[in-house]
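Novice: need a 3D model of the sequence below.
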Amino acid sequence: MKLEPVESSMIQSAGYDEESYTLEVVFNSGKTYRYFEVPKTVYLELMESDSKGSYMLSDVIDCCPYEQVKKRRR
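Specialist: Numbering: from 1, shown residues only. Have a look, this model is predicted:
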């Protein structure tokens, strides 16, 4: 999955896998999370959002199953 850098005070980059409906987000803290069962529209809205952190808080975090990625594979 290719991650795209974003302008955000909360998020460093994000990427989406259409086949598995998985959103991967690298936060500015350095932690990486994968969110599952994420519709493509949610990813597109996140990437277009003026406040990506607010969008994550309202539409992704605690709304989708997730896991913390221990070490991201390149």
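
Novice: centroid residue for this protein?
Specialist: Closest residue to the average C-alpha location of the chain: Val25 at 3.4 Å, with CA atoms, centre = their mean.

Novice: bridged to it, which residues?
Specialist: Val25 forms beta bridges with Ala14, Tyr33, as assigned by DSSP bridges.

Novice: please apply the same query to Val69.
Specialist: Thr32.

Novice: does the residue nearest to the centre of the chain touch Val38 like I think?
Specialist: No: Val25 lies out of contact with Val38 (CB atoms under 8 Å); the separation is 10.1 Å. To be clear about C-beta, it is placed using only N, CA and C from the backbone, and glycine gets the same treatment.

Novice: between the two, which contacts overlap?
Specialist: Residues touching both Val25 and Val38 (CB atoms under 8 Å, 6 or more residues apart in numbering): Val60.

Novice: about what we covered before: any idea of the pLDDT on the residue nearest to the centre of the chain?
Specialist: Per-residue pLDDT puts Val25 at 97.

Novice: spit out the contact partners of it.
Specialist: Listed by CB under 8 Å, 6+ apart, the contact partners of Val25 are Ile11, Ser13, Ala14, Thr32, Tyr33, Tyr35, Met56, Val60.

Novice: which residue sits closest to the first one, ignoring its sequence neighbours?
Specialist: Spatial nearest neighbour of Ile11, chain neighbours left out: Lys52 (5.0 Å); criterion: CB to CB, 6 or more residues apart in numbering.

Novice: could you list the low-pLDDT ranges of this protein?
Specialist: 71-74 (pLDDT under 70).

Novice: which SS state does Asp50 fall under?
Specialist: When classified by DSSP: H, G, I helix; E, B strand; the rest coil, Asp50 comes out as coil.

Novice: and it, how far is that from Ala14?
Specialist: Going from Asp50 to Ala14 by CB to CB, to the nearest Å gives 15 Å.
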